[in-house]
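In: Sequence first, predicted model second:
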Amino acid sequence: MRESVIFSSENDNIYLYDAQHMFSVLMHPDMEKAHTKLPDADPYYLKKYQYLTDHGFWGKADPPDFETEVDEITVGEF
């Protein structure tokens, strides 16, 4: 399973790539502190982090569910 990833740019901007929603967002440095559970995280960002967690961010992406049936006729066409 893919997980959400935090990364930084050359200019030290911090981004989150959310694997579940497949997009990147700019993060405030205090949001990164909340994500990494540092003790000096701002209470506002702790609440915001919890809200986003409750709504599916920061988690693991569910793999796609592919269903297919292969039968003798389909295999024989190749």
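Out: Thanks, I have it.

In: From now on I want contacts and neighbour counts done on CA atoms only, so please keep to that.
Out: OK.

In: so where's the chain shaky on pLDDT?
Out: 1-3, 20, 58-64, 74, 76-78 (pLDDT under 70).

In: how about 80 then?
Out: Along the chain, the parts satisfying pLDDT under 80 run over 1-5, 18-23, 56-78.

In: Determine the longest helix present in it.
Out: Determined from DSSP state H, the single longest helix within the chain is helix 43-54.

In: Give me the distance from it to the chain's centre.
Out: Helix 43-54 sits 15 Å away from the centroid of its parent chain (CA atoms, centre = their mean, to the nearest Å).

In: Can you tell me the closest non-neighbouring residue to the spatially most central residue of the chain?
Out: Closest residue to the average C-alpha location of the chain: D18 at 2.4 Å, with CA atoms, centre = their mean. With sequence-adjacent residues excluded and distances taken as CA to CA, 6 or more residues apart in numbering, D18 is closest to S4, at 4.6 Å.
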